[in-house]
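S.K.: predicted model follows, preceded by the sequence.
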Amino acid sequence: MQPSFGFDETRENTDLAFTDPLTGLGNHRRFFDKVDRLISDRADDPAPFTVGIIDLDGFKPINDLFGHKAGDDILIQVGMRLRAAMDGHSAVTRIGADEFAFLYPMVFSEDAAAERARMLIEVLSAPYDVGERTARLSASVGCSLFYSGDETTEILVNKAETALYHAKRSGRGRVVVYTREMEEAAKRVTRIEQALRRAVSAGEVEPHFQPIVDLKTRRVVGFETLARWTDRDLGFVSPVVFIPIAEERGIIGPLSQLVLRKATEAARSWPEELFLSFNLSPSQLVDQNTGLHILAILERTGFDPRRLEIEITETGLMTDPASAEKIVNDLRRCGIRVSLDDFGTGQSSLGRLREFQFDKLKIDRAFVSSILEDRPSEHIIRAILAMCEGLGMDVVAEGIEQEAQASRLIEFGCGGGQGYLFGKPADADATLGYLRDAFRGARRVGA
Ligand code: C2E
Ligand code: MG
Ligand code: MG
């Protein structure tokens, strides 16, 4: 016998094209069909209603850990729990691998929608039986409300997706109900995305360079490349804003290649002992072509790979550690050095320092900026330095702004430093000027 799920399904259930075979719930088509019908029912009666999308947090690792059979069992249990949580008016369907959608025809306000969604998360948070073991899951939910006859199912679902995206970004187990401000933020992101695409193809993103020094002697040992973009209409846009957008919207590859090409062209005329450091984004550590692209650029610009350092963050290693490890190993085999950026702020795991080989570690600015006032920061920095010494890694402290911070770091045995105290990021010409002064008399800079 077919299980029962919500309103008027005896007829619908017979239609396999509308059913998810694993959970017996309706599928994506069923969901769209139900919302379409409700929208036309409400044509003369403008009462709001709610749709929502549930995305399981951390389902993939569970699937990997317990196996696909167990993953399927969990999805079936999720389906049963959700179905049991629906009242006679409401419906729930499975619309993706670990995505479920619900329709609450009688939920009329944002507060009520959020409350109902929180209840579903609660229901899904209880442990799941997986053979002898149990597993735990959480879920994120995005909701949107139907207010006017102008809205189509697609618009409503897109809004719920946008809300879900905000929920996921703010952590696990969250509910977000779609708002106008979200729409404004989404529009701004799209404007930046379009302007950035144009700027990248027109070659308008520029590398700036910030000196990295030997703390004791104050000699420059290399520069970190930092992308800079000033748009014709938007003006200056910070990398803190455009880099994440470039990542999300799939522009990071071409952007990164453009900046690396310009940076290595500029660095060719620097004294040979200076290295060039370059940031890679997390999504680039999932793409096995990253290494090839980097090497092709070095080949074309004639920049020695042994003078290049790649900076990656712990977040970058987490998405797909095996893929990241392969890319890191390929780069290191070519003589490129690899450093761990922003250490201490991300989802730090000391285990990763065993699994991956890094040549250098960069201590995050957050610790350096509080080193003078804050005992814990001081202890953390000392512990990091001791650890790096044991592991044979170089260290650079980031964000040094005051002499007193530099002295304290030297006292603790920190070798390298970077920060406004030694120089702000500057464009290629200004950097060449800086080097001419710094290396005056020693040798000719910029042949
Ligand atoms: P990051 O790699 O940790 O770079 C250091 C950031 O700290 C830079 O910010 C730099 O300007 C800033 N900074 C350096 N010294 C000081 C200081 O003394 N005080 C203060 N307050 N700040 C200091 P920026 O240039 O805004 O870049 C932000 C982040 O954007 C970078 O953090 C990096 O993660 C990312 N980014 C920049 N360029 C690129 C790029 O070409 N590719 C990728 N994937 N990411 C990039
Ligand atoms: Mg960096
Ligand atoms: Mg950093």
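M.R.: Yes, it's here. Ligands and ions are numbered 1, 2, ... in the order given.

S.K.: what's downstream of the least confident helix or strand in the chain by mean pLDDT, the next helix or strand?
M.R.: Least confident helix or strand, the chain: helix 9-13 with a mean of 52, by mean pLDDT, DSSP states H and E. Using DSSP states H and E, the next helix or strand after helix 9-13 towards the C-terminus is helix 28-41.

S.K.: could you dump the helix or strand that that next one is followed by to PDB, C-alpha only?
M.R.: Scanning forward in sequence from helix 28-41 by DSSP H and E, the next helix or strand is strand 49-57. The C-alpha trace of strand 49-57 is given here as PDB (Å, rounded to 0.1, in the frame of the first residue of the first chain):
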ATOM      1  CA  PHE A  49       0.900  31.300   2.300                       C
ATOM      2  CA  THR A  50       4.300  29.900   3.000                       C
ATOM      3  CA  VAL A  51       6.800  27.800   1.000                       C
ATOM      4  CA  GLY A  52      10.100  26.600   2.400                       C
ATOM      5  CA  ILE A  53      13.200  24.600   1.500                       C
ATOM      6  CA  ILE A  54      15.000  22.400   3.900                       C
ATOM      7  CA  ASP A  55      18.600  21.500   3.300                       C
ATOM      8  CA  LEU A  56      20.300  18.900   5.500                       C
ATOM      9  CA  ASP A  57      23.600  20.200   7.000                       C
END
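
S.K.: in strand 49-57, which residues are buried?
M.R.: Neighbour counts over strand 49-57 (16 or more other C-beta atoms under 10 Å) mark 49, 50, 51, 52, 53, 54, 55, 56, 57 as buried. For every residue, glycine as well, the C-beta is placed using N, CA and C.

S.K.: elements contacting the helix or strand following that strand?
M.R.: Moving toward the C-terminus from strand 49-57, the next helix or strand (DSSP H and E) is helix 59-66. Under the contact definition 3 or more C-beta pairs under 8 Å, 6 or more residues apart in numbering; DSSP states H and E, helix 59-66 sits against helix 68-85, strand 133-135.

S.K.: need the winner for burial among the ones you listed.
M.R.: Most buried of the helices and strands packed on helix 59-66, by mean neighbour count (mean count of other C-beta atoms under 10 Å): helix 68-85, with a mean of 17.

S.K.: and it, C-alpha only, in PDB?
M.R.: Provided in PDB are the C-alpha atoms of helix 68-85 (Å, rounded to 0.1, in the frame of the first residue of the first chain):
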ATOM      1  CA  HIS A  68      25.300   5.100   0.700                       C
ATOM      2  CA  LYS A  69      22.900   2.500   2.000                       C
ATOM      3  CA  ALA A  70      23.000   4.200   5.400                       C
ATOM      4  CA  GLY A  71      22.600   7.600   3.700                       C
ATOM      5  CA  ASP A  72      19.500   6.300   2.000                       C
ATOM      6  CA  ASP A  73      18.100   5.000   5.300                       C
ATOM      7  CA  ILE A  74      18.700   8.400   6.900                       C
ATOM      8  CA  LEU A  75      16.900  10.100   4.000                       C
ATOM      9  CA  ILE A  76      13.900   7.700   4.400                       C
ATOM     10  CA  GLN A  77      13.800   8.600   8.100                       C
ATOM     11  CA  VAL A  78      14.000  12.300   7.400                       C
ATOM     12  CA  GLY A  79      11.100  11.800   5.000                       C
ATOM     13  CA  MET A  80       9.000  10.000   7.600                       C
ATOM     14  CA  ARG A  81       9.700  12.600  10.300                       C
ATOM     15  CA  LEU A  82       8.800  15.500   8.000                       C
ATOM     16  CA  ARG A  83       5.600  13.800   6.800                       C
ATOM     17  CA  ALA A  84       4.600  13.100  10.400                       C
ATOM     18  CA  ALA A  85       5.200  16.800  11.200                       C
END
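
S.K.: so what does it touch, helix or strand wise?
M.R.: Checking 3+ C-beta pairs under 8 Å, 6+ apart, helix 68-85 ends up next to helix 59-66, strand 91-94, strand 99-104, helix 110-125, strand 128-130.

S.K.: which residues outside it are in contact with it?
M.R.: 3, 5-6, 20, 22-25, 54, 56, 59, 62-63, 66, 92, 94, 98, 100, 102, 119-120, 123-124, 126, 128-131, 135, 137 (C-beta atoms under 8 Å, 6 or more residues apart in numbering).

S.K.: restricted to buried residues, select those in ChimeraX.
M.R.: Buried subset of the contacts of helix 68-85, written as a ChimeraX selection, criterion 16+ other C-beta under 10 Å:
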select :5,6,20,23,24,25,54,56,59,62,63,66,92,94,98,100,102,120,124,128,130,135,137
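
S.K.: restrict the contacts of helix 68-85 to those near ligand 3?
M.R.: Contacts with ligand 3 are made by none of those, judged by C-beta under 5 Å from the ion.

S.K.: give me the number of residues near the residue nearest to residue 201 when sequence neighbours are not counted?
M.R.: Leaving aside its sequence neighbours, residue 201 sits nearest to residue 254 (C-beta to C-beta, 6 or more residues apart in numbering; 7.6 Å). Under the neighbour criterion other C-beta atoms under 10 Å, residue 254 is assigned a count of 16.

S.K.: then residue 388?
M.R.: By other C-beta under 10 Å, neighbour count at residue 388 equals 22.

S.K.: need the residues of the chain near ligand 3, please.
M.R.: Counting by C-beta under 5 Å from the ion, the residues of the chain that sit close to ligand 3 are 341, 342, 398.

S.K.: helix or strand: which one has residue 223?
M.R.: strand 220-231.

S.K.: returning to that earlier point: save the residues of the chain next to ligand 3 as CSV, and put in pLDDT, neighbour count and secondary structure too.
M.R.: What follows is those, written out as CSV (pLDDT from 0 to 100; neighbours: other C-beta atoms under 10 Å; DSSP: H, G, I helix; E, B strand; the rest coil):
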residue, pLDDT, neighbour count, secondary structure
341, 95, 25, strand
342, 92, 20, strand
398, 97, 22, coil
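
S.K.: ligand 1 next: which of those residues are close?
M.R.: Restricting those to those near ligand 1 by C-beta under 6 Å from any ligand atom leaves 341, 342, 398.

S.K.: and the residue nearest to residue 201, how far from ligand 3?
M.R.: 23 Å (C-beta to the ion, to the nearest Å).

S.K.: would the helix or strand harbouring that residue count as contacting ligand 2?
M.R.: Element membership of residue 254, judged by DSSP H and E, is helix 252-267. No - Helix 252-267 lies out of reach of ligand 2 by C-beta under 5 Å from the ion, never closer than 12.6 Å.

S.K.: export that helix to CSV, keeping only CA atoms.
M.R.: The C-alpha trace of helix 252-267 is given here as CSV (Å, rounded to 0.1, in the frame of the first residue of the first chain):
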residue,chain,number,x,y,z
ILE,A,252,37.8,33.4,-9.5
GLY,A,253,39.7,31.3,-12.0
PRO,A,254,40.1,33.9,-14.8
LEU,A,255,40.5,36.7,-12.2
SER,A,256,43.2,34.9,-10.4
GLN,A,257,45.0,34.1,-13.7
LEU,A,258,44.9,37.7,-14.7
VAL,A,259,46.3,39.0,-11.4
LEU,A,260,49.0,36.3,-11.3
ARG,A,261,50.1,37.1,-14.9
LYS,A,262,50.4,40.8,-14.1
ALA,A,263,52.1,40.2,-10.8
THR,A,264,54.7,37.8,-12.2
GLU,A,265,55.4,40.3,-15.1
ALA,A,266,56.0,43.0,-12.5
ALA,A,267,58.1,40.8,-10.2
